[in-house]
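Q: mind folding the following:
(one chain, ligands or ions: 1)
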Amino acid sequence: MTVMTVADVSRWFGNVVAVNDVTMSVGPGITGLLGPNGAGKSTLINMLAGFLPPSAGTVTLDGAPVWKNPQIYRSIGLVPEREAAYDVLTGHQFVVANAELHGLPDAGAAAQRALATVQMEYAQDRKIGGYSKGMRQRIKMASALVHEPSVLLLDEPFNGMDPRQRLHLMELLQAMGAEGRTVLFSSHILEEVERLASQIEVVVAGRHAASGDFREIRRLMTDRPHRYVISSSDDRALAAALIADGSTTSVSLDSTTETLEVDAVEFLPFAELVPRVARDAGIRLYRVSPADESLESVFSYLVAI
Ligand SMILES: Nc1ncnc2c1ncn2[C@@H]1O[C@H](COP(=O)(O)OP(=O)(O)OP(=O)(O)O)[C@@H](O)[C@H]1O
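A: Modelled structure (predicted):
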């Protein structure tokens, strides 16, 4: 099992504190590293990949420090955010060059395997300069996978991709996660994180703001109202009964959609309240669903802290 651990890590550039005392660990499966622009995601990923030393704290892979440890680099593949200027090389040459840098005994065969994994064989003899954004992403992925690392780190891999390319990359990452690799990708595109990641790490302004399943994170924030959409056989009567209880802060009736929007103080008491109130008043519930449990709203709550 491959676990990357960041312990009390800070990184500063002059006066700028990019990463501020972060502790987290990332294990097998897919983890989403979520945060707004400038939150410190790239800095964290570069430290995880061994490209950048922490100013304080340690980054380890299965207990071994990552910085200046070439042995460890064999276990890590990095797909950087920026486009490397290798436009004059063909995809095949680029992946072979990376295989050779890793000192693989049969660089050609390793490159071919990696190109097949990302389905880029058809374009491998074309120059990277003529590739689309999605193809560039895939060729970077092939070069990151050429030495079959157990850890794959991707910095904003979905940037600039069209929906078809996104879907393809998602499938690829899902396959990597299912194989038991440790996959960490950063994103500020929340939908991808929500769809892909089993585990989420949130960084805001260099600090580790939250960790875990996003619904759990949402529920932990009990000091903020949770909004639900409810429809029932008698919305007015239900609204009156709900607002009478202390666990509800506001109820509004939308007559066009025939639904109630209800703000609850805490998840658990509210989840218990709704069916009880409906049963007591003889009201049939048609729908009770969270209105704001998308990752986007979780994220905006966390950023507001
Ligand atoms: N080499 C550097 N020199 C100076 N400041 C830097 C350097 N690298 C990062 N920073 C600063 O550190 C902070 C975090 O940057 P980082 O690129 O890690 O964030 P990010 O979350 O990846 O953002 P984005 O999504 O925009 O890439 C920013 O304020 C950035 O300006």
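
Q: leaving out chain neighbours, which residue sits closest to the closest residue to the ligand within the stretch 151-300 of the chain?
A: Residue of the stretch 151-300 of the chain nearest the ligand, by CB to the nearest ligand atom: residue 188 (5.8 Å). Just so you know, the C-beta spots here come from the backbone N, C-alpha and C atoms, and that holds for glycine as well. Nearest residue to residue 188, sequence neighbours excluded (CB to CB, 6 or more residues apart in numbering): residue 36, at 5.8 Å.

Q: correct me if wrong, but residue 95 is in a helix.
A: Yes: counting by DSSP: H, G, I helix; E, B strand; the rest coil, residue 95 is located in a helix.

Q: roughly how far apart are it and residue 120?
A: As judged by CB to CB, to the nearest Å, residue 95 and residue 120 stand 8 Å apart.

Q: still on that earlier bit, so the residue nearest to residue 188 versus residue 253, what's the distance?
A: Plainly put, residue 36 is 35 Å away from residue 253 if you go by CB to CB.

Q: how about residue 93?
A: 65 Å.

Q: equivalent analysis for residue 147, please.
A: Residue 147 is 60 Å from residue 253, by CB to CB.

Q: and for residue 277?
A: Separation of residue 277 from residue 253 (CB to CB): 16 Å.

Q: related to what we said a few turns ago, neighbour count winner among residue 147 and residue 253?
A: Using other CB atoms under 10 Å, the more surrounded residue of residue 147 and residue 253 is residue 147, with 20 against 13.

Q: excluding chain neighbours, what is closest to that one?
A: Computed as CB to CB, 6+ apart, the closest residue to residue 147 that is not its neighbour in sequence is residue 102, at 4.3 Å.

Q: quick check: that neighbour vs residue 73, distance?
A: Distance, residue 102 to residue 73, using CB to CB: 8 Å.

Q: then residue 94?
A: Computed as CB to CB, the residue 94 to residue 73 distance reads 18 Å.

Q: looking at the two, which one has more neighbours?
A: In this view residue 94 and residue 73 are compared by other CB under 10 Å, and residue 94 has more residues nearby, 24 against 19.

Q: residues from the stretch 51-200 of the chain in reach of the ligand?
A: Counting by CB under 6 Å from any ligand atom, the residues of the stretch 51-200 of the chain close to the ligand are residue 188.

Q: residue 177 is in what secondary structure piece?
A: helix 163-178 (DSSP states H and E).

Q: buried ones in that helix?
A: Neighbour-count burial for helix 163-178, with 16 or more other CB atoms under 10 Å as criterion, is recorded at 165-166, 168-170, 172-173, 176-177.

Q: swap in stretch 127-134?
A: So for stretch 127-134, counting by 16+ other CB under 10 Å, buried means 128, 131, 134.

Q: repeat that for stretch 99-111.
A: Applying a neighbour-count criterion of 16+ other CB under 10 Å, one finds 99, 102, 104, 107, 110-111 buried in stretch 99-111.

Q: would JSON lines of the residues you listed with secondary structure and pLDDT be doable?
A: Listed next are the buried residues of stretch 99-111 as JSON lines, based on DSSP: H, G, I helix; E, B strand; the rest coil; pLDDT from 0 to 100:
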{"residue": "99", "secondary structure": "helix", "pLDDT": "95"}
{"residue": "102", "secondary structure": "coil", "pLDDT": "90"}
{"residue": "104", "secondary structure": "coil", "pLDDT": "92"}
{"residue": "107", "secondary structure": "helix", "pLDDT": "92"}
{"residue": "110", "secondary structure": "helix", "pLDDT": "96"}
{"residue": "111", "secondary structure": "helix", "pLDDT": "96"}
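
Q: go through those residues and name the one nearest the ligand.
A: Using CB to the nearest ligand atom, residue 102 is the member of the buried residues of stretch 99-111 that sits closest to the ligand, with 25.7 Å.
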